[in-house]
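**Q** Predicted model follows, preceded by the sequence.
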Amino acid sequence: MKNSEIIPVLKDRRILLGVTGSIAAYKAVELASMLTKAGAQVDVILSAAARQFVTPLTFQSVTGRKVYGEADLWGEQAHVLHIGLGEAADLFIIAPATANTLAKLATGQADSLLTLTALAVRCPLLVAPAMDVGMYEQAATQENIELLSQRGVLFAGPAQGRMASGLIGKGRLIEPQELFGYVRKVLGADGSLASRKVVVTAGGTLEALDPVRVLANRSSGKQGFALAQAAVDRGASVTLISGPVHLPTPVGVTSVDVESAADMHAAVKEAADGADVLLMAAAVADYRPVDPSSAKLKRSGGVPKVVLEKTADILADIVEARTRSGHPAVIVGFAAESDDLLVNARAKLESKGVDLLVANDITAPDAGFEVDTNRVTLLDAGGAQELPLLSKAAVAEAVLERVVTILGTKEGKA
Ligand code: CTP
């Protein structure tokens with residue numbers, strides 16, 4: 001994802017960002033910047049202590065909006081401000097939230113613009129604690145967190161790591177990218193796939209030749225991970241089954257790590273049971289060595305003869321199982337083609353029996369494996385729609401929009 005790209009779940013959403021007095025306050029600047037670039041309208045409230053670490057101008061520069069503080073509490077608009085800010089918000093996130101702020105929230109104190117706004121809002125309240133490990137572990141803090149959780153306050157972190165004090169332990173503010181993921185999850189919660197179970201496969205599988213060497217492919221997993229994120233943005237409960245990749249798991253996703261096609265097959269079978277949607281974006285090996293050596297093949301042993309056998313076609317298996325179970329209601333296949341894209345993709349749509357096929361020409365330099373962009377054609381029984389060159393995040397949005405439509409049509413008919 002390019003950070004400058006508008007993200008539908010954030011577009012025009014009103015986010016209140018409360019920042020309290022912690023050394024981690026600088027991370028809130030990056031969060032405010034990311035949210036703004038993604039299309040959200042971010043109003044920042046700084047506590048008096050936060051101003052010791054970051055300035056209003058820093059936030060104003062990245063959000064392009066006025067930053068609120070104690071002076072506003074007694075200003076001309078004071079009588080409406082705390083209610084007004086809260087009423088308009090889709091989400092109030094307090095990041096970083098100090099132990100002192102947690103205590104105030106837990107006891108309903110309203111002694112500052114930030115805390116009285118927290119008391120006034122009706123939107124979800126997401127809190128990202130940041131404090132020293134000793135303060136975090138204190139019974140008082142733990143009980144405050146417990147109480148706030150019971151009241152429906154959502155928590156993000158804290159993380160384990162090195163503190164400003166030099167101690168190592170739990171209490172660090174989670175990173176802006178992860179906070180961003182929490183915001184997406186909360187704002188997407190009542191989206192078009194709310195309460196739906198979505199299974200996504202991503203990355204390539206590895207097939208062992210010996211304990212050291214594998215047959216691999218060039219899949220980076222980027223398109224599959226973008227699909228998982230787009231499903232979270234729509235409120236789905238997402239299981240992401242992935243081959244070995246170097247990507248962070250989107251917040252809110254249950255990840256299942258696999259290596260071989262056989263592992264992936266077993267994991268997909270289990271997850272697809274009762275699922276509403278399967279998005280089969282993984283590049284699954286079609287062949288594997290028949291008899292992988294249990295010992296490392298030695299150079300002195302001569303050139304090995306590698307005999308391959310077919311792996312199971314996971315998609316075909318799930319499509320076949322659906323004829324009995326009815327699940328998953330929507331199955332999406334992906335086709336990596338190097339020539340005759342439309343002819344091959346049309347044949348694959350029919351032979352695989354999927355509801356939607358996402359085909360891409362892997363020979364194009366700006367599409368397919370490893371890069372951040374993709375150029376795909378969406379095929380279903382109704383025809384083919386060629387999409388322009390898009391980011392993988394935008395392709396994921398387009399695919400998920402189709403999935404929502406197909407799901408609606410199928411259920412309308414049922
Ligand atoms: N697929 C699968 N199991 C396999 C191989 C592929 O489920 N053993 C899925 C892929 O995840 C993808 C779709 O089938 O969604 C098409 O994959 P692709 O590699 O394009 O096609 P193949 O079925 O392997 O056919 P071909 O090699 O002839 O292109």
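**A** Sure thing, it's come through.

**Q** Strands along the stretch 101-250 of the chain, start to end?
**A** With DSSP state E, counting those that start in this stretch, the ranges of strands along the stretch 101-250 of the chain come out as 125-129, 154-155, 159-162, 168-172, 197-202, 207-208, 214-215, 237-242.

**Q** What lies in contact with the first one?
**A** By Cβ atoms under 8 Å, 6 or more residues apart in numbering, the surrounding residues in contact with strand 125-129 are 91-99, 102, 105, 118, 136, 141, 145, 148, 152-158, 171, 173-174, 179, 182-183, 186. The way it works is simple: take the backbone N, C-alpha and C, and place the C-beta from them, glycine included.

**Q** Show me which residues of the chain are close to the ligand?
**A** Taking Cβ under 6 Å from any ligand atom as the measure of proximity, the chain contacts the ligand at 261, 280, 282, 284, 286, 311, 313-315, 333-336.

**Q** pull the helix or strand with minimum mean pLDDT from the chain.
**A** Every helix and strand of the chain was ranked by mean pLDDT, DSSP states H and E. The lowest is helix 78-88, at a mean of 76.

**Q** Going along the chain from it, find the next helix or strand for me.
**A** strand 91-97 (DSSP states H and E).

**Q** Ignoring the adjacent residues along the chain, who's closest to residue 398?
**A** In this structure, residue 398 finds its nearest non-sequential neighbour in residue 387, 5.9 Å apart by Cβ to Cβ, 6 or more residues apart in numbering.

**Q** okay, and for the protein, where does confidence drop off?
**A** Applying pLDDT under 70 to the chain picks out residues 1-3, 79, 82, 368, 414.

**Q** quick one, helices of it?
**A** Assigned by DSSP state H, the helices in the chain fall at 25-37, 56-63, 70-73, 78-88, 99-106, 113-120, 133-137, 139-150, 176-188, 222-233, 261-272, 314-325, 341-352, 392-413.

**Q** for the first one, packing partners?
**A** With contacts defined as 3 or more Cβ pairs under 8 Å, 6 or more residues apart in numbering; DSSP states H and E, the packing partners of helix 25-37 are strand 14-19, strand 41-46, helix 56-63, strand 91-97, helix 176-188.

**Q** Can you list the neighbours in contact with that helix?
**A** For helix 25-37, contacts defined as Cβ under 8 Å, 6+ apart pick out 3-5, 10, 15, 17, 19, 42, 44, 50, 53-54, 58-59, 62-64, 93, 95-96, 173, 175-177, 179-180, 183.

**Q** tilt between it and strand 41-46?
**A** Calculated by axes from the mean of the first three to the mean of the last three Cα atoms, to 10 degrees, helix 25-37 forms an angle of 160 degrees with strand 41-46.

**Q** Off-centre distance for helix 25-37?
**A** Distance, stretch centre to chain centre, for helix 25-37: 18 Å (Cα atoms, centre = their mean, to the nearest Å).

**Q** Just the buried positions in it, please.
**A** By 16 or more other Cβ atoms under 10 Å, the buried positions in helix 25-37 come out as 25, 27, 28, 29, 30, 31, 32, 33, 34, 35, 36, 37.

**Q** From what I see, residue 247 and residue 222 are in contact.
**A** Yes: if you go by Cβ atoms under 8 Å, residue 247 and residue 222 touch, sitting 6.8 Å apart.

**Q** quick one, which of the two is more surrounded?
**A** residue 222 (25 against 16; other Cβ atoms under 10 Å).

**Q** Count the neighbours of the residue nearest to the more buried one when sequence neighbours are not counted for me.
**A** Nearest residue to residue 222 in three dimensions, chain neighbours excluded: residue 392, at 5.1 Å (Cβ to Cβ, 6+ apart). Counted with other Cβ under 10 Å, residues neighbouring residue 392 total 24.

**Q** and residue 392, what does it touch?
**A** Listed by Cβ under 8 Å, 6+ apart, the contact set of residue 392 reads 1, 222, 223, 226, 372, 373, 374.
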